[in-house]
Structure formats: structure tokens, C-alpha cells
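Participant: Coordinates only, no sequence provided:
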């Protein structure tokens, strides 16, 4: 083998050996179709929403729900959720927007990242509940249908953080550590070249996918034992998600508001976990039902059928013939 070829191979091997192991970060999180930017973060969010709506619709119809309900709820819940998620992020990271170097113009720029899941859940749930109550439908069946799909949507959405090279964890020597470009390292950091970081986006994505499988399994066990889920899956969802969010959040090194030495999102997750546990306990003690419609609030079709039945019943008893009435009265007197 020529000396020059051997030397080139040795140089290539040395360069490869010098390169840090781990998961590479995407070189770009935005592409352009002419003047129009296509952002990976937005694509991940939209893909997660699409998958959640599609799967929720299948699960809800399997429970006897009408096919248009999930899409109608999504139309109002998704925008409300995005607004709520952005507001939560802005309020929980005020220095980025209201601080000495803050920029208020960044508040509506959701494509740059920064959506707080708790604000998103609160906004989406509120909008969905209001629509369901307006239509006379119960919340529990839809909540149980949606619960595992939310975890899948969140898992897909977390890939957007990977493209943005954000919300990663502390340095690590694990082989699956994440490589971060210098431009995306925390301001003023002095990490040596080749430092790897915990891929918290991947941890949460895997946790959420495992949680979705767990919720589906629990739901089937509930149906096998009692015949209903009765709204319990939503409370279990809160517990499953927050149980993972607590330890994953504690790995992150991005700036965040702290309370008593813990990040605000850690405290929020602890509180939501307790809310889920209390809600599950209270719901489990009540009479469980998977009925789609609220009592006394049947749909238009149901009302027309009931009205027809009542009319037929009244026609059967009210225009009784004189002979029949007399016979009935006579029989009663004999007794």
C-alpha cells in the first residue's frame, strides 16, 4: 500500500477518533420554499396534533361517540392550547421578555420555541369542556379517549426542541449524549469542546411513548374488570406525565425561574401529580359511566325519538273508548 494512502487513512481515523461520540444535533431547524420559511419546530407540533386528532377520533368513535366531535373540539382546543402554552412560557420566563434585555416583540414568535405544556393543557381543556357542555356531551369519555394520544403528540413535539438545539440537560459522558453547536450553548458558558449533554428531549419522548402504551393497557384492564374507564385515564395521564417531567426537568440547565432551589416546572409537576392522584381517588369512588351524553341533554335525534315515544304512549292511554273505561272501572270495584 502506498505510503501516501496509508497516511491519509491514518489521518482520517485520527479525525474520526477525535470527533465526540453521541447524538448529533441537526445543522438547521428551518428550510425555505422560496421566501417562505418552513420550521421544523412547527412541523413537529403540527404532526403531533394530527396524530393525536386521528387516534383520538378512532378511540372516541369506538366508545360510541359521533365522528365529528373530536375534530370540532380540536378546532377550538388547539388554538386555545397554543395561546395558553405561550402565555405560560412567557409568564414563567419573564426575564426573556420583560427583563432589562427582554424583547416584547418575541412574545408572539412561537416558531422560535417556548411553549409551556401546562398552559397548553389548561387552554385546550377549557375550550374543549366548554364546547362539550354546550353540546350536551360528557367530558369523561372524550378525556379517556384523548389521554394516551396526548402523550404521543407531546413525544413528537419534543423533536422540535432537538431541531432548535434547546432545553437540553447537563453535561454527560454517556454514549447517547447530545452534541450542541457553540452558538446554542448557554451564554457565558465555558464548556470544553466536544462536551456532550443529556438529550432531555429524547428522554421525555421515550417516557411519553411508554406512558401512552401504559395508558392503553390500563384502559383495557379497566374495561375488562368494570366495563368502563369512567374518566380515570385522564387523571392517570397527569400522574404518568408529571412523574417523568420531574426528573427530566431537574436535568435541564437552561435558565428558569426557581422556587426554594427547584425549577418552577418541577414544583408545577409535583402539584399536578398530586391533583391527578386526588382526582383519580375521587372519581374512583363515584358511580362510573362511559355514557356519551349528559343526563337530560340528549341530542336532537334523541329528543325527537323520545318525543315520538311519549306521543305514542299518550295516544295509547288517553283516547280510551268508553266501553274499555267502564270495564276497567267495573273490574276495580269487584276487587
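Facilitator: Happy to help now that I have it. Here the structure is a predicted model, which is why all the values come from computation and not from measurement.
Participant: is it true that residue 65 lies in a strand?
Facilitator: No: applying DSSP: H, G, I helix; E, B strand; the rest coil, one finds residue 65 to be coil, outside a strand.
Participant: Now do the contacts for residue 284.
Facilitator: Contacts for residue 284 (Cβ atoms under 8 Å, 6 or more residues apart in numbering) come out as 230, 232. Where C-beta positions appear, they are placed from N, C-alpha and C, glycine not excepted.
Participant: what do you get for residue 279?
Facilitator: Under the criterion of Cβ under 8 Å, 6+ apart, the contact list for residue 279 reads 234-235, 238.
Participant: helix/strand/coil for it?
Facilitator: Using three-state DSSP, the structure places residue 279 in helix.
Participant: Look up how far residue 143 lies from it.
Facilitator: For residue 279, the distance to residue 143 under the criterion Cβ to Cβ, to the nearest Å works out to 11 Å.
Participant: Find residues that contact each of those two.
Facilitator: Counting by Cβ under 8 Å, 6+ apart, the residues touching both residue 279 and residue 143 are residue 234.
Participant: and residue 23, what are its phi and psi?
Facilitator: Phi and psi for residue 23, reported as degrees, to the nearest 10, are phi -90, psi 120.
Participant: in the sheet, who's paired with it?
Facilitator: Beta-bridge pairing of residue 23 under DSSP bridges involves residue 178.
Participant: can I assume it is in contact with residue 174?
Facilitator: No: proximity of residue 23 to residue 174 does not meet the contact threshold set by Cβ atoms under 8 Å, at 10.2 Å.
Participant: These two: who's more crowded?
Facilitator: More neighbours sit around residue 23 than around the other of residue 23 and residue 174, counting by other Cβ atoms under 10 Å; the figures are 15 against 12.
Participant: Point out where this structure drops to low pLDDT.
Facilitator: Residue ranges of the chain with pLDDT under 70: 1-20, 95, 111-113, 296-335.
Participant: tell me the centre residue of it?
Facilitator: residue 150 (3.1 Å; Cα atoms, centre = their mean).
Participant: Name the helix or strand for that one, please.
Facilitator: In this structure, residue 150 is located in helix 139-164 according to DSSP states H and E.
Participant: Pull out the buried residues from that helix.
Facilitator: Within helix 139-164, the residues that qualify as buried are 140-164, counting by 16 or more other Cβ atoms under 10 Å.
Participant: got it, and stretch 123-138?
Facilitator: By neighbour count, with 16+ other Cβ under 10 Å as the criterion, the buried positions of stretch 123-138 are 123-125, 127-128, 131-132, 136-138.
Participant: just stretch 108-127 next, same as before
Facilitator: Under the neighbour-count rule (16+ other Cβ under 10 Å), stretch 108-127 has 110-111, 113-125, 127 buried.
Participant: Next: stretch 229-249.
Facilitator: Residues of stretch 229-249 classed as buried under the neighbour-count rule (16+ other Cβ under 10 Å) are 229-246, 248-249.
Participant: Identify all contacting residues around stretch 246-263.
Facilitator: Under the criterion Cβ under 8 Å, 6+ apart, external residues in contact with stretch 246-263 comprise 92-95, 166-170, 186, 197-198, 200, 203-204, 207, 264-267, 269-270, 273.
Participant: contacting residues around residue 275?
Facilitator: Shown here is residue 275, whose contacts under the criterion Cβ under 8 Å, 6+ apart are residue 238.
Participant: circling back to that earlier point, among the contacts of stretch 246-263, which are in helices?
Facilitator: Using DSSP state H, the subset of the contacts of stretch 246-263 located in helices is 92, 95, 200, 203-204, 207, 264-267, 269-270, 273.
Participant: Now the buried members of those.
Facilitator: Among the ones in helices among the contacts of stretch 246-263, those classed as buried by 16+ other Cβ under 10 Å are 92, 200, 203-204, 207, 264-267, 269, 273.
Participant: which among these gets closest to residue 99?
Facilitator: For those, the closest approach to residue 99 (Cβ to Cβ) belongs to residue 92, at 13.2 Å.
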